[in-house]
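K.L.:
Got a sequence here, can you build the structure:
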Amino acid sequence: MTGLRVFLFNVVFYAVTFVRAMWIAAACRFVSPDRTRAMIASWCRWTQWWVRICLGGRIEVRGAENLPPPPYVLAPKHQSELDVAVIFGRHSDCGAVVMKELGDLPFLGALIRKLDLITVSVEGGPQGLTEMIREGAVRVAAQGRPILIYPEGELMALGAKARYRTGVFNIYDAAKIPVVPVAQSLGAIWPKREWAKKPGRTGAIQYLPPILPGLEKDEFMARIESEVEAATMALIREHAGPAELAAAEDRFARKAGNE
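P.N.:
Predicted structure coming up:
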């Protein structure tokens, strides 16, 4: 029965997502940015509803009282496609950081321009990349919008960690706005890029207290990494199943031993 529920979830999710994505990409040429964001937020809410209805998954949001008035930076752990749906569903006006090359793709390019995202490219080297991030951060913050960036820049398995990149500091330093670290355990329901899901599980995102402007680079990077990793592992211990938790603890111990 579990396998059937997962199969049904995946078939419906990917079919609905494809249809909605094509519709939004086409419609964004003719509607306002706010309407485009509303359409994407609707997909985000539907995704969470489908997780609840089909998988019996429960999504918790904790620490919302830690969110300051916008603009601010959201710096989440990235475990799952589900965290995109949860975070963008709650912050649909955010200016996320995306690769400039995506803007050259059919349909997607028009959507990126409509949403006024922060586009960056590696072609200009590290210095050029830093300048693009900083300029984009100042522009989006001046509009009073939050900014979303995943500090590790990639999906991570439960308990795993990649190098925290300095893009988040460049946004923090250029825009002079608070950074809200975000821990999560949604990978306990929907592991990264996996067909298999975990019916009946609970997962959470947790907004941590904001890091206020003014820290130097090394202090900022050490603080955001330690806070996100510690809070994320606490959520994993609360929500992962026994097998997933054992694997996560092993990854967490190995990364701690290598530091």
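K.L.:
from here on, contacts and neighbour counts on C-alpha atoms
P.N.:
Fine.
K.L.:
quick one, strands of the stretch 101-250 of the chain?
P.N.:
118-120, 147-148, 179-184, 202-207 (DSSP state E, counting those that start in this stretch).
K.L.:
These: which one's closest to residue 22?
P.N.:
strand 118-120 (21.4 Å; Cα to Cα).
K.L.:
So what touches the closest one?
P.N.:
95-100, 129, 132-133, 136-137, 140 (Cα atoms under 8 Å, 6 or more residues apart in numbering).
K.L.:
which parts of that strand are buried?
P.N.:
118-120 (16 or more other Cα atoms under 10 Å).
K.L.:
what's the distance between stretch 129-143 and the middle of its chain?
P.N.:
Remark: stretch 129-143 is offset 18 Å from the chain centroid, using Cα atoms, centre = their mean, to the nearest Å.
K.L.:
next helix or strand past the strand or helix carrying residue 16?
P.N.:
Using DSSP states H and E, residue 16 sits in helix 2-27. Using DSSP H and E, the helix or strand that follows helix 2-27 in sequence is helix 33-50.
K.L.:
what's that following helix in contact with?
P.N.:
9, 13, 17, 20, 24, 27-28, 59, 82, 85-86, 88-90, 92-93, 114-115.
K.L.:
ok, residue 57 to residue 146 distance?
P.N.:
28 Å (Cα to Cα, to the nearest Å).
K.L.:
Looking at the residue nearest the centre of the chain now. What's its pLDDT?
P.N.:
Using Cα atoms, centre = their mean, the residue of the chain that lies closest to the mean C-alpha position is residue 84, 4.7 Å off. At residue 84, the model reports a pLDDT of 91.
K.L.:
which one of the strands of the stretch 101-250 of the chain has the lowest average pLDDT?
P.N.:
Looking at the strands of the stretch 101-250 of the chain, the lowest mean pLDDT belongs to strand 118-120 (a mean of 82).
K.L.:
In its sheet, which strands sit next to that one, and in what direction?
P.N.:
Using DSSP bridges, the strands paired with strand 118-120 in its sheet are strand 95-99 (parallel).
K.L.:
Where does residue 60 sit: helix, strand or coil?
P.N.:
Taking DSSP: H, G, I helix; E, B strand; the rest coil as the rule, one finds residue 60 in the strand state.
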